[in-house]
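Visitor: Sequence and predicted model, in that order:
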Amino acid sequence: MGESIMAERTKVVEVVPYNPEWKIQFEQIKSMITGYIGDLILAVEHVGSTSVEGLSAKPIIDLDVVMDSYEVLPEIIERLEKAGFVHQGNLGIEGREAFKRTCEDGFMKYHLYVCPKDGKGYLEHIAFRDYLRANESAREDYEALKLNLAETYRYDIDNYCDNKTEFVKGILKMTIYRD
């Protein structure tokens with residue numbers, strides 16, 4: 001599998017202060033995506049840390065494109081490929097299909113995922129985002145953790161991500177995985 005088809009690896013972990021521009025960029029990318037596949041999808045959601053106002057983040061927009069079921073995926077793939085995206089499969093995570101832009105489109109860096117509406121990953125993204133939006137102390141704790149990890153694992157994105165997992169799982173236990 002050639003390097004060009006793999007997800008872009010972050011070489012340096014950079015966590016920067018929240019930027020209101022992220023919301024604007026999301027809306028513009030969403031409009032572009034909706035222009036290509038709007039009739040095939042249910043929603044385009046801004047997820048990840050850039051979607052939480054006031055939270056420091058890696059300056060990469062995460063978008064979850066929500067489809068009713070996998071039945072529409074072949075047509076989504078076809079249309080997005082015509083628009084200059086390469087389908088990368090799930091990159092090892094069930095319940096999401098990753099797409100990579102193959103040409104410059106003038107937007108900041110972003111990750112595009114297509115997910116079924118009942119997919120575990122998608123539901124977790126929304127639950128985590130909404131919890132952080134609503135809870136200032138959790139948002140502050142997560143920010144402190146990320147800034148600390150970004151310093152400790154500046155050149156090691158895997159360790160940076162792995163060390164956030166416990167925090168994320170803790171939030172998900174309080175939200176969608178309550179016993």
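Guide: Structure received.

Visitor: Tell me which stretches of the protein form strands.
Guide: Counting by DSSP state E, the chain has these strands, from start to end: 43-47, 61-67, 85-89, 97-101, 110-116.

Visitor: what's in contact with the second one?
Guide: It stands for strand 61-67. 22, 25-26, 29-30, 33, 37, 40-48, 50-51, 73, 76, 96, 107-117, 122, 125-126 (C-beta atoms under 8 Å, 6 or more residues apart in numbering). For the C-beta atoms, the positions are set from N, CA and C on the backbone; glycine is no exception.

Visitor: Please apply the same query to stretch 94-111.
Guide: In contact with stretch 94-111 (C-beta under 8 Å, 6+ apart) are residues 5, 7-8, 21-22, 25, 28-29, 32, 48, 59-64, 73, 77, 80, 84-91, 112-116, 119-122.

Visitor: tell me which residues in the lowest-mean-pLDDT helix or strand in the chain are buried?
Guide: Least confident element among the helices and strands of the chain, by mean pLDDT, DSSP states H and E: helix 157-162 (a mean of 89). Buried residues in helix 157-162, counted by 16 or more other C-beta atoms under 10 Å: 157, 160.

Visitor: got a list of what L147 touches?
Guide: For L147, counting by C-beta under 8 Å, 6+ apart, the contacting residues are 15, 56.

Visitor: Distance check, it against R139.
Guide: Distance, L147 to R139, using C-beta to C-beta, to the nearest Å: 13 Å.

Visitor: re the thing from before, can you say which of the strands of the chain is nearest to M174?
Guide: strand 43-47 (18.0 Å; C-beta to C-beta).

Visitor: Give the partner strands of that closest one in its sheet and their orientations.
Guide: Neighbouring strands of strand 43-47 in its sheet, by DSSP bridges, are strand 61-67 (antiparallel).

Visitor: Please work out the average pLDDT along the partner strand.
Guide: Strand 61-67 shows a mean pLDDT of 98.

Visitor: That strand: how far from the chain's middle?
Guide: Mean C-alpha position of strand 61-67 versus that of the full chain (C-alpha atoms, centre = their mean, to the nearest Å) differs by 7 Å.

Visitor: That one relative to strand 97-101, how many degrees between them?
Guide: Orientation of strand 61-67 against strand 97-101 (axes from the mean of the first three to the mean of the last three C-alpha atoms, to 10 degrees) gives an angle of 130 degrees.

Visitor: what angle do strand 61-67 and strand 110-116 make?
Guide: Put simply, strand 61-67 runs at 20 degrees to strand 110-116, going by the same axes, to 10 degrees.

Visitor: Show the secondary-structure elements that the least confident helix or strand of the chain is packed against.
Guide: Packing partners of helix 157-162 (3 or more C-beta pairs under 8 Å, 6 or more residues apart in numbering; DSSP states H and E): helix 136-152.

Visitor: Next one, pLDDT for the residue nearest to Y113 when sequence neighbours are not counted please.
Guide: Leaving aside its sequence neighbours, Y113 sits nearest to R96 (C-beta to C-beta, 6 or more residues apart in numbering; 4.4 Å). Listed pLDDT for R96 reads 94.
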